[in-house]
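Engineer: structure of the sequence below:
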Amino acid sequence: MADQPEFDVAAAHRYFATQCYNDAFDLIDKRDRSADDDARMLHLSMSSLWHWTQRADCTSTNLSIGYWQVARIYALLGQPDNARRDGLRCCCNCSAARRSCPGGTSSVDTCGCPISAA
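Structural biologist: So this is what the prediction gives:
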């Protein structure tokens, strides 16, 4: 088993879960993204989601938001199958959280996740 790192692992997961999400969102909003920007945007979003899964306080709401962002990015990148897969994961977590979809609708039955945008 690896030695314990010299930093607070839980604090690192808290930091990277939000920082990667916000950095990915900045790239979503960026006009004229390069191919490198597109790859970075996807990697940041997936990293954010992974760091959320490592947090003790991770909820279905957090996961639905993370999957929404990954699905949205896949839709922007023209990858409809991947967008649909993660959009459905978003919807499953919306249902588990009994909350409205981060894709913009108020009912989990008519989830607004970006699967239709693909």
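
Engineer: name the helix or strand for the most centrally placed residue in the chain, please.
Structural biologist: Nearest to the mean C-alpha position of the chain, counting by Cα atoms, centre = their mean, stands Gly66 at 2.4 Å. Using DSSP states H and E, Gly66 sits within helix 60-76.

Engineer: give me the angle between whatever helix or strand comes next after that helix and helix 60-76.
Structural biologist: Per DSSP H and E, helix 60-76 leads on to helix 80-97 as the next helix or strand towards the C-terminus. Per axes from the mean of the first three to the mean of the last three Cα atoms, to 10 degrees, the angle that helix 80-97 makes with helix 60-76 is 160 degrees.

Engineer: tell me the average confidence for the longest helix that the chain contains?
Structural biologist: The longest helix of the chain (DSSP state H) is helix 9-29. Helix 9-29 shows a mean pLDDT of 97.

Engineer: and it, what does it pack onto?
Structural biologist: For helix 9-29, the packing partners by 3 or more Cβ pairs under 8 Å, 6 or more residues apart in numbering; DSSP states H and E come out as helix 35-53, helix 60-76. Backbone N, C-alpha and C define where each C-beta goes, glycine included.
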